[in-house]
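A.B. asks: Here's a sequence, model it:
(one chain, ligands or ions: 1)
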Amino acid sequence: MQKAPPVNPVEIARIALKRLVESRLPPTPENYTQFYNAIATIKAPDDKTTDELKQAWQILCRLDDAAGEVSNTTEELLSALASSGEHMVSSLGELQDAREAHRTRSVPVEETHGRLESLLTNLIDSTSTIQSTVQTSHGDLAAIRESMRHIEEDLAHNRMMLGLDPLTGAHNRQGFDHLLAAEVKRARRHTGKLSVVILDLDDFKLVNDRYGHLVGDQVLVHVADLAKAVLRESDALVRYGGEEFLLILPETDQNGARYVIDRLRVVAARTPFMHRSERIDVSFSSGVAQLKDDENGRALVLRADEALYRAKANGRGRVELAV
Ligand SMILES: Nc1nc2c(ncn2[C@@H]2O[C@H](COP(=O)(O)OP(=O)(O)OP(=O)(O)O)[C@@H](O)[C@H]2O)c(=O)[nH]1
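C.D. replies: Below you'll find the model as predicted:
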């Protein structure tokens, strides 16, 4: 699988930093800006597939919202119809009583009596027609409500699949924005603790070159599985780039995040990927950032990315904490 082209400023900033490190220029703001602008110009988001995916994602979210609203409205309609149905049944009874009372009273005016009786009969007829319509609509709406429930389930499933990377089963970039925004919000409401780790496999190109892309893919799946085993239920694993993963760690400070990385390193060393009885060891570099007050998700990820590139520049296989 090829690395997706950059689609947002964080991605562009990430590549700019990488190129800056590779070119061995001092990381001054001027140099950074120059690289950023150059890359933003060259690598504008032009990948149709990614754009289409993004649109499909947005449509799905909107559809999901709309389905929720229709479902609520239907529910309200159902209860309104049920109560007005009850109303009609009781007025029907009242009308019948009135007709009965009128009949039993000896009213001499025959004509008035006749008119009144036919009026009451009409009223009874129309009320009973409305009542049977209400009954039919009630059945129809109940059926619509049931199919809406199925659509909601399908949409939820599609949205989940759209947010997952098909190779590793980790969340993909599409699902990531949504997840991170939700976790930043949650952190603000609770303890405020949230850390993000970006993890990049070292010299992964060598694995592909030596064993082929398919084996490279299997190694990526292996690493994702190890990460999933190490993470808590509430943590999220994102396939952030080709051979890059991002961990969202709620309720976790920098030290906790570092602990998670160390655990993953130990587990990866103990459980190497085996290819035809040959051991393929993977090492990774990582950058950790803990959410600051008044910082948004993008800025948090950018700081983790900067830390990652320091880890790469300082010799690989290491973890660096963001400043
Ligand atoms: N098999 C496989 N390889 C991938 C995938 N996505 C990216 N890659 C490969 O990952 C490699 C990344 O290479 P580089 O960016 O040079 O990084 P690296 O070799 O890991 O070296 P450093 O990151 O600098 O330590 C390339 O060979 C990509 O083809 C994928 O989905 N499957």
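A.B. asks: Please, where are all the strands along the stretch 151-300 of the chain?
C.D. replies: Secondary structure of the stretch 151-300 of the chain (DSSP state E, counting those that start in this stretch): strands located at 194-201, 236-241, 244-250, 273-275, 278-280, 284-290.
A.B. asks: near the ligand, anything from the fourth one?
C.D. replies: No: under the criterion of CB under 6 Å from any ligand atom, strand 273-275 makes no contact with the ligand; the nearest approach is 12.0 Å. Every C-beta, even on glycine, is put in place using the N, C-alpha and C of the backbone.
A.B. asks: Give me the distance between that strand and the centre of its chain.
C.D. replies: 33 Å (CA atoms, centre = their mean, to the nearest Å).
A.B. asks: helices or strands next to it in the packing?
C.D. replies: Packing contacts for strand 273-275, counted by 3 or more CB pairs under 8 Å, 6 or more residues apart in numbering; DSSP states H and E, involve helix 213-230, strand 278-280.
A.B. asks: in that strand, what counts as buried?
C.D. replies: Residues of strand 273-275 classed as buried: Phe273 (neighbour count, 16 or more other CB atoms under 10 Å).
A.B. asks: for the fifth one, same thing?
C.D. replies: Of all the residues in strand 278-280, those buried under the rule 16+ other CB under 10 Å are Ile280.
A.B. asks: Contacts for it, please.
C.D. replies: By CB atoms under 8 Å, 6 or more residues apart in numbering, the residues outside strand 278-280 that reach it are Val207, Tyr211, Val215, Val219, Pro272, Phe273, Met274.
A.B. asks: For the ligand, what is the nearest residue in the stretch 51-200 of the chain?
C.D. replies: Asp200 (5.1 Å; CB to the nearest ligand atom).
A.B. asks: Check that residue and give its pLDDT.
C.D. replies: Per-residue pLDDT puts Asp200 at 97.
A.B. asks: Run a quick neighbour tally on it.
C.D. replies: Counted with other CB atoms under 10 Å, residues neighbouring Asp200 total 23.
A.B. asks: For Glu30, give me the pLDDT.
C.D. replies: 72.
A.B. asks: no no, Leu120
C.D. replies: The predicted local confidence for Leu120 is 74.
A.B. asks: same deal with His113?
C.D. replies: pLDDT recorded at His113 is 67.
A.B. asks: Same question for His138.
C.D. replies: pLDDT, read off for His138, is 74.
A.B. asks: so what are the domain limits for this protein?
C.D. replies: According to automatic domain parsing, the chain comprises the domains 64-162, 164-321.
A.B. asks: Endpoint to endpoint, the last one covers what distance?
C.D. replies: Length of domain 164-321, first residue to last, CA to CA, to the nearest Å: 28 Å.
A.B. asks: quick revisit: between the helices and strands packed on strand 273-275, which one is nearest to the ligand?
C.D. replies: Of all those, helix 213-230 comes closest under CB to the nearest ligand atom, at 2.5 Å.
A.B. asks: And the closest one, how far out from the chain middle?
C.D. replies: The answer for helix 213-230 is 23 Å, by CA atoms, centre = their mean.
A.B. asks: Other residues contacting that helix?
C.D. replies: By CB under 8 Å, 6+ apart, helix 213-230 touches 1, 167-170, 199, 201, 204, 207-208, 237, 239, 243, 245, 247, 260, 263-264, 267-268, 271, 273, 275, 280, 282, 284.
A.B. asks: so how many other residues sit close to the closest residue to Gly169 other than its chain neighbours?
C.D. replies: Among residues not flanking Gly169 along the chain, Ala224 sits closest, at 6.8 Å (CB to CB, 6 or more residues apart in numbering). Residues near Ala224, counting by other CB under 10 Å, number 18.
A.B. asks: try Glu100
C.D. replies: 11.
A.B. asks: got the residues of the stretch 151-300 of the chain near the ligand?
C.D. replies: So the stretch 151-300 of the chain meets the ligand at 200-205, 208, 213, 216-217, 220, 242-243 (CB under 6 Å from any ligand atom).
A.B. asks: so what's the nearest residue to Asp200 once chain neighbours are set aside bridging to?
C.D. replies: In space, and not counting its chain neighbours, Asp200 is closest to Glu244: 4.7 Å by CB to CB, 6+ apart. Under DSSP bridges, the beta-bridge partners of Glu244 are Asp200, Gly241.
A.B. asks: isn't Tyr211 right up against Phe273?
C.D. replies: No: judged on CB atoms under 8 Å, Tyr211 makes no contact with Phe273 at a distance of 9.7 Å.
A.B. asks: Sweet, I'm off.
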